[in-house]
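>>> Kindly return the folded structure for what I paste below:
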Amino acid sequence: MCGINGIFGKEKLDDPGAAVERMTRALAHRGPDAEGFFENENLVLGHRRLSIFDTSTAGNQPFISPDGQVVLVFNGAIYNYIELKAQLPDYPYRTQTDTEVILAAYTRWGIRCIEHFNGMFAFALWDNRLKKGFIVRDRLGIKPLYYALVGSSFVFASEIRALLASGLVARKLDHVALADYLRYQTVHAPRTIIQGIRLMEPGTYIELSDEGFEQHIFWSPSSHYDSQAEGQNNTQITNTVRELLTDSVQLRMRADVPFGAFLSGGIDSSLLVGLMSQGGTRPVDTFSVTFDEKAFDESSYSGAVAKKFNTHHHDIRLSARDFLRYVPEALAAQDHPGGDGPNSWVVSKMTKEQGITMALSGLGGDELFAGYGIFTQAIKARDNKWITSFPKPIRRLAARAYRMAKPGVASEKLLALMSQDYLDFEYVYPLSRQVLSEERIGQLLGLKKLPANRVFEILCANTAPGSPGFGLPHLSKVSVAEILTYMQHTLLRDADQMSMAHALEVRVPFLDHRLVEYVLGVPDRFKFPHTPKKLLTDSFPDLLPESLINRPKMGFTFPWALWMKNELRPLCEEALANSALSRVLAPGQADRLWQAFLHDDPQTTWSRVWPLVALSAWMKQNDIEA
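Residues are numbered from 1 along each chain as shown. Below is the predicted model:
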């Protein structure tokens, strides 16, 4: 796990080496163990290393092939590097790193080597023989990679702050992306919140040469699902899920540094800990951040799981006030603004302080195994499309009456739903994750017409009629939508930036591409959540007790609304009064939203205000122009 950056096509820049040095320094938190640079007539590369495999200095990057013709900077982990190394015995290995296996695989297969990798990865490679560069991002988008075109130069980095530190990219807000941010408290690739900075889309690589650059797709969940489960029975399906997840966990336990697992006591993390305990040679280190306040304390669940699997358990106990003190630091750690993140920052901080360098996380289990309410809601919407037989004015009138009787976020979303022309999935799903209504966003921005909804565009390209994923089971369409939007652009982005703020590597076994491909092809009748994550729990009946499967889903349910009206009120009001933010929004609109929240407007919950606070804090810290 590391931080990478560089410049391809440096010829017309005044001092590209200095720019890369600045970018590399901005990534120091991602890789505290070593720093390295490479420069030739075509490019400059920078690297910060967090040592996981072969912690000797021999593993420092950039890596150069024995013939001196290929150079590589790499962030991530190739979990099947041992198996690949056995397939490539003729390469003159000098280390025990997965990085060197990438070079060996490229030597044998060229850029198609990425099809052989099981892992999370973002890397840049220059082939001097071909006079070509390749920038690659993993299938699920676990590791980020941002880039900008500066004249004839291609500038890239693991984080936006590094690109800004280069001095080559203007610090100017992207107003089209802002509408996306207000809708979903994030920005979906390829845009970012900064004009001219792009986020590489998952499962793609960019080929660079003197002729320019070309982007290629090598994997997507909507076109790479496995349909073999269609002809299988329940026993065959659950056995396959069990085999794939077990192997995924075992691969992700490979490391030359101390590691453990996040343990909340929920289904996903408990299952991972059980599998780690079965395959390990020593007790698993497990980490739970628990709280004095019973309303959001999960220690009884995590403690029971730790006891069941005999783990070396670290119960990191905080009060809500302890957590509250960390909020400003967590905001400062944002690389890209978002509506969430402090939770991940605190868990990562506490885990790293226990001497752990790598941890497994249950992220992805909900998206793959129908763990959210949107899965059953999408089925209901599909089965009730007859509602559109009523004229839209009648539907809207009924929904408005309901909103007046029961004002709140749910009735507001019902009104938006009844205002749709269609109840097809690509029209219904975007409303499920939307934070602010179109009307509210229009008021905030002073616009009558908003930019196109990016989530709707993503679904049209992946699950709508004529798209590669149209034939997917309906629950799998929801999984694809969750993976391509909320998971990749909120959960994985937060997991990366907040864990790497503490130089902690987080691995996600549920996102092994083999497991994802298989489960997406499983018919709905095996996966419908009659009980929580039924297919997953049916696959491991011996590991999870009934009491854990049916426990209430909690997570971090802190009293944010109370804090924002009290302890965090000065922070919020200062952020919302920020001059940069006031130049972005229509006059008086930020205060109008804030006052609605303070006066308990049921349609203005804390989660509708906090993304603006986070955005303003990020703009101020990074000196972003409106």
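>>> could you point out where the stretch 151-300 of the chain is predicted with low confidence?
Applying pLDDT under 70 to the stretch 151-300 of the chain flags residues 293-297.
>>> Which residue, other than its chain neighbours, is closest to Tyr81?
Leaving aside its chain neighbours, Tyr81 sits nearest to Asp98 (3.8 Å; criterion: Cβ to Cβ, 6 or more residues apart in numbering). (Glycine included, C-beta is placed from N, CA and C.)
>>> Would you map the strands across the stretch 501-626 of the chain?
505-507 (DSSP state E, counting those that start in this stretch).
>>> right, I mislabeled it, should have said the stretch 351-500 of the chain
So, for the stretch 351-500 of the chain - with DSSP E, counting those that start in this stretch - the strands run 358-360.
>>> Quick one: low-confidence residue ranges for it.
In the stretch 351-500 of the chain, residues with pLDDT under 70: 386, 388-389, 392, 398-399, 402, 415.
>>> now the helices for it?
Taking DSSP state H, counting those that start in this stretch as the criterion, the stretch 351-500 of the chain contains helices spanning 365-368, 373-383, 392-405, 409-418, 425-432, 438-445, 454-462, 474-482, 492-500.
>>> and these as JSON lines, adding mean neighbour count and distance to Ala179?
Below are those laid out as JSON lines (neighbours: other Cβ atoms under 10 Å; distance: least, Cβ to Cβ, whole Å):
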{"stretch": "helix 365-368", "mean neighbour count": "26", "distance to Ala179": "25"}
{"stretch": "helix 373-383", "mean neighbour count": "16", "distance to Ala179": "22"}
{"stretch": "helix 392-405", "mean neighbour count": "13", "distance to Ala179": "23"}
{"stretch": "helix 409-418", "mean neighbour count": "18", "distance to Ala179": "16"}
{"stretch": "helix 425-432", "mean neighbour count": "21", "distance to Ala179": "13"}
{"stretch": "helix 438-445", "mean neighbour count": "18", "distance to Ala179": "6"}
{"stretch": "helix 454-462", "mean neighbour count": "20", "distance to Ala179": "9"}
{"stretch": "helix 474-482", "mean neighbour count": "25", "distance to Ala179": "19"}
{"stretch": "helix 492-500", "mean neighbour count": "24", "distance to Ala179": "18"}
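>>> In CSV: those, plus distance to Ile160.
Shown next, in CSV, are the helices of the stretch 351-500 of the chain (distance: least, Cβ to Cβ, whole Å):
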stretch, distance to Ile160
helix 365-368, 25
helix 373-383, 29
helix 392-405, 38
helix 409-418, 30
helix 425-432, 25
helix 438-445, 22
helix 454-462, 18
helix 474-482, 24
helix 492-500, 9
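>>> To Arg161, which of those lies closest?
helix 492-500 (9.5 Å; Cβ to Cβ).
>>> thinking again about what came up before, how many residues are close by the residue nearest to Tyr81?
Applying other Cβ atoms under 10 Å, we find 25 residues neighbouring Asp98.
>>> Contacts only, for it.
Phe53, Ala77, Ile78, Tyr79, Tyr81, Gly119 (Cβ atoms under 8 Å, 6 or more residues apart in numbering).
>>> if I look at the spatially closest residue to Phe74 that is not a sequence neighbour, how far off is Gly6?
Of all residues not flanking Phe74 in the chain, Phe123 sits nearest, at 4.1 Å (Cβ to Cβ, 6+ apart). For Phe123, the distance to Gly6 equals 11 Å [Cβ to Cβ, to the nearest Å].
>>> Could you pull out the residues contacting both of those two?
Going by Cβ under 8 Å, 6+ apart, residues that sit against Phe123 and also against Gly6 are Val73.
>>> So between the two, which is more surrounded?
Shown here are Phe123 and Gly6; by other Cβ under 10 Å, Gly6 has more neighbours (30 against 27).
>>> what's in contact with the strand or helix carrying the residue nearest to Phe74?
Assessed by DSSP states H and E, Phe123 sits inside strand 119-127. With Cβ under 8 Å, 6+ apart as the test, strand 119-127 has contacts from 4, 6, 8, 40, 42-43, 45, 69-80, 98, 102, 106, 132-138, 140, 142-145, 156, 158, 200, 507-508, 511.
>>> re the thing from before, mind checking which of the contacts of Asp98 land in helices?
Residues from the contacts of Asp98 lying in helices, with DSSP state H as the criterion: Tyr81.
>>> Next, format the contacts of Asp98 as TSV and append neighbour count.
Compiled in TSV, the contacts of Asp98 are given as follows (neighbours: other Cβ atoms under 10 Å):
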residue	neighbour count
Phe53	20
Ala77	26
Ile78	28
Tyr79	25
Tyr81	24
Gly119	22
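>>> Pick the one among the contacts of Asp98 closest to Tyr93.
Looking at those and their distance to Tyr93, the nearest is Tyr81, at 10.8 Å (Cβ to Cβ).
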